[in-house]
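Chemist: Fold the following, please.
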Amino acid sequence: MNKKPNYYNKVLHILQELHTAYPEYNMGKHLATVLDECGNLWGVSDKELAYCLAKYKGQLEMDVRHLDDSEIENIIKDGLNLDNLFKEEEDGDY
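Modeler: This is a model prediction of the structure:
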């Protein structure tokens, strides 16, 4: 007997994995992001939703996680001072 996949349970399983891996994100954030990419929620099947969630989870896993926002702030700050960085390289002060 060939059993069909239960995509409803798959959706719930992926949501549980997301909650475990990213406890700082609430379910609403996950769903809003996924459904924005998936399209009209009314017509989305369980299979399509499972696919969208799995794709979203994969994208999150590929992203580099930062411990805090200070890393990003430093990158922005350095980007705003590129003229000074290039001037220092020309002067040999690097």
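Chemist: in which helix or strand would I find the residue nearest the centre of the chain?
Modeler: In the chain, the residue lying closest to the centroid (Cα atoms, centre = their mean) is Leu60, at 3.5 Å. Take DSSP states H and E as the rule and Leu60 turns out to sit in helix 46-62.
Chemist: Run the chain-centre distance for that helix.
Modeler: 10 Å (Cα atoms, centre = their mean, to the nearest Å).
Chemist: Adjust the sequence numbering to begin at 28 for everything that follows.
Modeler: Sure, I'll start numbering at 28, so the last one becomes helix 73-89.
Chemist: could you say what helices and strands that helix packs with?
Modeler: helix 34-48, helix 54-65 (3 or more Cβ pairs under 8 Å, 6 or more residues apart in numbering; DSSP states H and E). Every residue, glycine included, has its C-beta placed from N, CA and C.
Chemist: I'd like the next helix or strand past that helix.
Modeler: Where DSSP H and E defines the elements, the next helix or strand beyond helix 73-89 is helix 97-107.
Chemist: how does the protein divide into domains?
Modeler: 28-90, 93-121 (automatic domain parsing).
Chemist: highest average neighbour count across those domains?
Modeler: domain 28-90 (a mean of 13; mean count of other Cβ atoms under 10 Å).
Chemist: so how far is that domain from its chain's centroid?
Modeler: Offset of domain 28-90 from its chain centre (Cα atoms, centre = their mean): 12 Å.
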